[in-house]
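S.K.: no sequence for this one, just the structure:
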């Protein structure tokens, strides 16, 4: 079974939702047969790479709320995160463009390090005092190396803005096609969708339901197939 | 819609089947909404990298047939290929291990060059006089560069036998799970399977059928989702 998770590093509910999903997955009897794939979704794709703002300032500006109101929202989020055992800094965090992180996540996927990297990026954004956005590419290199990637490869990906850019855009197009207009968005075997940081119990239910309905492929054919297998190739009879 | 094609570069029916599938796809009204993904399947995974044999010798040895019988089979295959407008050398081709090519195809996928590369590898194996197997890594580098990849990156992938190896193995595991024991094997939206180089008409039917049955995701939820969208993050009410 395949679970795709659309999310953004800048999305607190994605951070919390991932933990809730993983709680359900850990308890799921068929967890070893579940492949989890992270998909890209940028909350703020039009923000320039160098346009970094404190989260509270961004929230206040965007929603016309006071910084105190924005701060209250962050405290609330922090409490939800704490309930999942996650660290969450409710003050002093930055908001910025995450396109390069998504490109790196696609690179990391091919290296078998995607989950390691997303976990590290979430922690860096939500739990660490250092900003994830103001220290330039070398900060990302450092985190990617921590995830097990080679610094030189990571620098190459970061230096070439087209690297994995298509893969990020393709994920975002697909999210739109699937009807996701917010994240996190979980898709199970392209059959069931779960929107938002739902409780672990709901993820457990979704996993069970999708697992129970896995169906074998229906074969469309018309008699003999011209195919090659370990024992050789069929010799055409027609 | 997504079509996954499991195949091997050493598989003549994969070469022919791809052309038949593409004929159907070209005529399919929704072709622009069909994503084609190539998946790895090795016909001869246990063959050593340096164990290269002429195809006719390999066939004769493997099936206890005469070289003349093997040659007749190749002529037959050549005729099938010609009927699809494909060049096919019926003599002088080599057989060998394709693992490195599959690793490169996974790398090419991330660079948006997978279809270019597989096309070039097929042509090199089935239509060109030069052997695809006896000239070492630099032959693959040359072909990959023709597909639009950077020589230096390709050399790096080839030099590291673990690069993309997991991705190849994962594809092969998945083929087994889906019940494919030969290639080409086509999977449409993980719902329909088509085994072998079927006629273009059958691929057309499969595309139409799978397209007609695309179903929107069923959402599993329980009321309000804690999610972030372009307009910000939901403020928790609970």
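M.R.: Structure's in. What do you need? Owing to the predicted nature of the structure, the values given are computational and were not obtained by experimental measurement. Numbering: from 1, shown residues only, chains lettered A, B, ... in the order given.
S.K.: please, where are all the strands along chain A?
M.R.: A:2-7, A:35-40, A:53-54, A:94-95, A:185-188, A:192-195, A:218-219, A:228-229, A:232-233 (DSSP state E).
S.K.: can I get those in a markdown table with mean neighbour count and distance to residue A:77?
M.R.: For glycine as for every other residue, the C-beta is placed from the backbone atoms N, C-alpha and C. Formatted as a markdown table, the strands of chain A follow (neighbours: other Cβ atoms under 10 Å in any protein chain shown; distance: least, Cβ to Cβ, whole Å):
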| stretch | mean neighbour count | distance to residue A:77 |
| --- | --- | --- |
| strand A:2-7 | 21 | 15 |
| strand A:35-40 | 20 | 21 |
| strand A:53-54 | 16 | 15 |
| strand A:94-95 | 20 | 13 |
| strand A:185-188 | 26 | 18 |
| strand A:192-195 | 23 | 18 |
| strand A:218-219 | 13 | 45 |
| strand A:228-229 | 21 | 54 |
| strand A:232-233 | 18 | 59 |
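S.K.: which of the ones you listed comes out lowest on mean pLDDT?
M.R.: Mean pLDDT is lowest for strand A:232-233 among these, at a mean of 82.
S.K.: ok now that strand, how far from the chain's centre?
M.R.: Mean C-alpha position of strand A:232-233 versus that of the full chain (Cα atoms, centre = their mean, to the nearest Å) differs by 41 Å.
S.K.: same for that strand, what does it pack against?
M.R.: Contacts defined by 3 or more Cβ pairs under 8 Å, 6 or more residues apart in numbering or on different chains; DSSP states H and E place strand A:232-233 against helix B:55-63.
S.K.: which residues sit in contact with residue A:123?
M.R.: Shown in contact with residue A:123 (Cβ atoms under 8 Å, 6 or more residues apart in numbering or on different chains): residue A:87.
S.K.: any idea how far residue A:129 is from it?
M.R.: 12 Å (Cβ to Cβ, to the nearest Å).
S.K.: any chance of the strands of chain A in CSV, with distance to residue A:140 too?
M.R.: Shown next, in CSV, are the strands of chain A (distance: least, Cβ to Cβ, whole Å):
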stretch, distance to residue A:140
strand A:2-7, 17
strand A:35-40, 15
strand A:53-54, 19
strand A:94-95, 14
strand A:185-188, 24
strand A:192-195, 29
strand A:218-219, 44
strand A:228-229, 44
strand A:232-233, 48
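S.K.: shaky segments in chain A?
M.R.: A:222-223, A:235-238 (pLDDT under 70).
S.K.: which stretches of it form helices?
M.R.: Secondary structure of chain A by DSSP state H: the helices cover A:12-26, A:55-63, A:67-83, A:99-110, A:114-126, A:137-146, A:151-159, A:165-177, A:200-212.
S.K.: out of these, nearest to residue B:93?
M.R.: The minimum distance between residue B:93 and those falls on helix A:99-110, with 31.0 Å, by Cβ to Cβ.
S.K.: which strands and helices sit next to that closest one?
M.R.: So helix A:99-110, by 3+ Cβ pairs under 8 Å, 6+ apart, packs with strand A:35-40, helix A:114-126, helix A:137-146, helix A:151-159, helix A:165-177, helix B:99-110.
S.K.: turn the ones you listed into TSV, columns for distance to residue A:198.
M.R.: Compiled in TSV, the helices and strands packed on helix A:99-110 are given as follows (distance: least, Cβ to Cβ, whole Å):
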stretch	distance to residue A:198
strand A:35-40	16
helix A:114-126	18
helix A:137-146	28
helix A:151-159	33
helix A:165-177	17
helix B:99-110	31
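S.K.: hey, which of the ones you listed is tucked in deepest?
M.R.: helix B:99-110 (a mean of 24; mean count of other Cβ atoms under 10 Å in any protein chain shown).
S.K.: got the contact list for that one?
M.R.: By Cβ under 8 Å, 6+ apart, the list of residues contacting helix B:99-110 from outside reads A:106-107, A:110, A:164, A:167, B:8-9, B:37-38, B:40, B:42, B:45, B:49, B:114, B:116-118, B:121, B:137, B:140, B:144, B:147, B:149, B:153-154, B:157-158, B:163-165, B:167-168, B:171.
S.K.: re the thing from before, overlap of the contact sets of residue A:123 and residue A:129?
M.R.: The contact sets of residue A:123 and residue A:129 do not overlap (Cβ under 8 Å, 6+ apart).
S.K.: for residue A:25, which of the helices and strands packed on helix A:99-110 is the nearest?
M.R.: Evaluated with Cβ to Cβ, the helices and strands packed on helix A:99-110 place strand A:35-40 nearest to residue A:25, the distance being 7.5 Å.
S.K.: now that closest one: how far from the chain's centre is it?
M.R.: 6 Å.
S.K.: ok, now stretch A:176-192?
M.R.: With Cα atoms, centre = their mean, you get 12 Å for stretch A:176-192.
S.K.: can you check stretch A:199-215 too?
M.R.: For stretch A:199-215, the distance to the chain centre is 19 Å (Cα atoms, centre = their mean).
S.K.: repeat for stretch A:42-56
M.R.: Centroid displacement of stretch A:42-56 relative to its chain, using Cα atoms, centre = their mean, is 18 Å.
S.K.: before we move on, what about stretch A:30-43?
M.R.: 7 Å.
S.K.: start to end distance for it?
M.R.: End-to-end distance of stretch A:30-43 (Cα to Cα, to the nearest Å): 32 Å.
S.K.: same question for stretch A:105-119.
M.R.: Start and end residues of stretch A:105-119 are separated by 11 Å (Cα to Cα).
S.K.: returning to what we had before: quick one: closest of the strands of chain A to residue A:211.
M.R.: Among these, strand A:185-188 comes nearest to residue A:211, with 8.5 Å by Cβ to Cβ.
S.K.: counting contacts, what elements does the closest one pack onto?
M.R.: Strand A:185-188 sits against strand A:2-7, strand A:192-195, helix A:200-212, with contacts defined as 3+ Cβ pairs under 8 Å, 6+ apart.
S.K.: residue A:232 touches residue B:61, doesn't it?
M.R.: No. Judged on Cβ atoms under 8 Å, residue A:232 makes no contact with residue B:61 at a distance of 11.3 Å.
S.K.: quick one: buried residues of stretch A:29-36?
M.R.: Within stretch A:29-36, the residues that qualify as buried are A:34, A:36, counting by 16 or more other Cβ atoms under 10 Å in any protein chain shown.
S.K.: what's in contact with it?
M.R.: By Cβ under 8 Å, 6+ apart, stretch A:29-36 touches A:1, A:2, A:3, A:4, A:5, A:25, A:28, A:115, A:207, A:211.
S.K.: and the contacts of stretch A:81-94?
M.R.: By Cβ under 8 Å, 6+ apart, the residues outside stretch A:81-94 that reach it are A:12, A:15-16, A:19-20, A:23, A:52-56, A:71, A:74-75, A:77-78, A:123, A:125-129, A:131-134.
S.K.: picking up where we left off before, so which of the contacts of stretch A:29-36 comes closest to chain B?
M.R.: residue A:2 (8.2 Å; Cβ to the nearest Cβ).
S.K.: so what's that closest one closest to, chain neighbours aside?
M.R.: With sequence-adjacent residues excluded and distances taken as Cβ to Cβ, 6 or more residues apart in numbering or on different chains, residue A:2 is closest to residue A:35, at 4.8 Å.
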